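Novice: Pasting the sequence and the predicted model now:
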Amino acid sequence: MVPNVPNELAGLWQPKMVLKRDAFSAIERGEFLGPAGPVDAVLRRIDGVPWWASPIARLLLKREARALRIAGPLGVAPPLLHAGRRCLVRGFLHGVAMHVAKPVSEAGYFRAARTALYALHRAGVCHNDLAKEQNWLRGPHGEAYMTDFQLAARLRRGSWLYRIAAYEDLRHLLKHKRRYAPEALTAMERRVVERKSLITRIWMATGKRVYLRITRGLRIEDREGGGIRASRDLPAVLAQIRQYPGVRDAEIIQCPKADGIWLYAFAEASGVEESALHDDIERSLGANAAPEFIQIAEALPRNASGAIRTDLLALIPYNQIDDIDRLPLDPGDRRIVASLLANRKEYGFGPRHSRDAPALAACLRSHAGVRDAVVLSFPHQRLFTGLYAFVETDDVEEAELRDFLNINAANRRPPDFIQLVAALPRGNHGELRVDLLRDIVMNELDRIGAWSGPEHERKILADILANRKILRDL
């Protein structure tokens, strides 16, 4: 089992969510305590990889650290904050992956990307993995960044290998440009896209055919954990939603989990019930294809050409609310986004939140000794989504509640944590302050410390904080 925090980062790393896990590393987002204080960061750790993958994982970690030491100061990649034997911490870039942002007709973005790539090449570093759209980020103002430098190499400028690697980096960038902004391609760029290097042609004719035969036979696709769900289910679900009566348009955002992705669907519609739309998808495509989340909205944010702003939508299921606040939006888009945020599915990806949490809370409230209950999700290292229950009661024991759930909610996995409290925090009109409870679950104690509510509510909150469960990797 992977420990919650690597030993070499004890006291320096505060995890928030697991972004991805594969055989060679796990990637987390969180806060890193640097010399200037805590900063948003991303951790790549290899302390939990299988023994057979450990040599390759160490090699890839060293290559990434070496490349980031050069690329970070150039402003074209995340800064390297820590490089250890079994983990690496890089700064968090406020950007959206290309395959999510979809920079259609954004010639300025591709000019910025080419400038960034040239800066990297002048420093003698070739990325070697830019065919993946997720390794290109689009900043909030059209900036271009690169990420995931595990395959990067520092080569002698002017050498035969350097020229080939740099050419292939450029060719892959221009392939993305051809997809999203073909009208901006020059004649020279079109020739580069169409002309593969000799090494690439040999690989395409030999090794790649074997690779594709193996991966297709195993139903594996290299899409950053998305696999068959991203390539087959997502397009089919999107088409099914768009043809549903009353739906004007739709978009789907991929949300990562440990072994694949969740699908979060936004449907622009009026008079459409989420449950009816979900049932229609299950009938047509099967239960396994249906998205874990569907959010119905009167309007979705759009750019000047009328296309849906997927860069904005992606920030909502990822809970990157601070990034949305910093974006320069016009009043109309600001109102649309505010409505989406107000009705979004609560933090946490996966069916444990969308289906289990409400059902478990209702079951707990039905107990004769329980006055009220709230069940919230939190990022879990192994299960991806854990559940934390706050139960307002005077004389009921936790063991009794768990027995009650085992009998009355036998088809649901019980909460990972149950905290018994004498009172839950409430607003002026008696409504539960779920926002404060969520901050406790997510360990966002700085937000709670800044809350200036009534004295009795602060005392209730202090009692809950004093007895809260410690979120460990179960």
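Specialist: Good, I have the coordinates. All values derive from a computational prediction rather than experimental measurement. Residues are numbered from 1 along each chain as shown.

Novice: which residues of the chain score low on pLDDT?
Specialist: Across the chain, residues meeting the criterion (pLDDT under 70) sit at 1-3, 17-19, 201, 203-231, 256-261, 318-328, 345-355, 379-385, 443-453, 470-474.

Novice: for the stretch 51-200 of the chain, what spans make up the strands?
Specialist: 80-83, 87-91, 96-97, 125-126, 136-138, 144-146, 153-154 (DSSP state E, counting those that start in this stretch).

Novice: how about those strands in CSV, adding distance to residue 41?
Specialist: Any C-beta I mention is one placed from the backbone N, CA and C, and that applies to glycine too. Below are the strands of the stretch 51-200 of the chain laid out as CSV (distance: least, C-beta to C-beta, whole Å):
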stretch, distance to residue 41
strand 80-83, 6
strand 87-91, 5
strand 96-97, 18
strand 125-126, 21
strand 136-138, 15
strand 144-146, 15
strand 153-154, 24
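
Novice: and of the ones you listed, who's closest to residue 268?
Specialist: For the strands of the stretch 51-200 of the chain, distance to residue 268 was read as C-beta to C-beta. The smallest value, 20.0 Å, belongs to strand 96-97.

Novice: Pairing partners for the closest one, with directions?
Specialist: Strand 96-97 has the following sheet partners, assigned by DSSP bridges: strand 136-138 (antiparallel).

Novice: closest to residue 286 out of the strands of the stretch 51-200 of the chain?
Specialist: Once the strands of the stretch 51-200 of the chain are compared by C-beta to C-beta, strand 96-97 is nearest, at 27.6 Å.

Novice: how much distance is there from that closest one to the middle of the chain?
Specialist: Taking C-alpha atoms, centre = their mean, to the nearest Å, one finds the center of strand 96-97 at 10 Å from the center of the full chain.

Novice: domain ranges for the protein?
Specialist: 7-91, 96-205, 244-342, 351-466 (automatic domain parsing).

Novice: what would those domains look like in TSV with mean neighbour count and distance to residue 236?
Specialist: Formatted as TSV, the domains of the chain follow (neighbours: other C-beta atoms under 10 Å; distance: least, C-beta to C-beta, whole Å):
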stretch	mean neighbour count	distance to residue 236
domain 7-91	18	24
domain 96-205	17	17
domain 244-342	17	6
domain 351-466	17	19
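
Novice: Minimum distance to residue 412: which of the strands of the stretch 51-200 of the chain has it?
Specialist: Of all the strands of the stretch 51-200 of the chain, strand 96-97 sits nearest to residue 412, with 33.5 Å by C-beta to C-beta.

Novice: hey, where'd the helices end up in the stretch 251-400 of the chain?
Specialist: Applying DSSP state H, counting those that start in this stretch to the stretch 251-400 of the chain gives helices spanning 274-285, 310-315, 321-326, 331-342, 351, 357-365, 398-408.

Novice: can you put the domains of the chain in JSON lines and add distance to residue 237?
Specialist: As requested, those are exported to JSON lines (distance: least, C-beta to C-beta, whole Å):
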{"stretch": "domain 7-91", "distance to residue 237": "22"}
{"stretch": "domain 96-205", "distance to residue 237": "16"}
{"stretch": "domain 244-342", "distance to residue 237": "6"}
{"stretch": "domain 351-466", "distance to residue 237": "15"}
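
Novice: Quick one: closest of the strands of the stretch 51-200 of the chain to residue 254.
Specialist: Closest to residue 254 of the strands of the stretch 51-200 of the chain is strand 96-97 (C-beta to C-beta; 9.3 Å).

Novice: so residue 70 makes contact with residue 154?
Specialist: Yes: counting by C-beta atoms under 8 Å, residue 70 does reach residue 154; the two are 6.9 Å apart.

Novice: what residues do these two have in common as contacts?
Specialist: Overlap of the contact sets of residue 70 and residue 154 (by C-beta atoms under 8 Å, 6 or more residues apart in numbering) consists of 124, 125.

Novice: circling back to that earlier point, closest one to residue 176 among the strands of the stretch 51-200 of the chain?
Specialist: strand 136-138 (6.8 Å).
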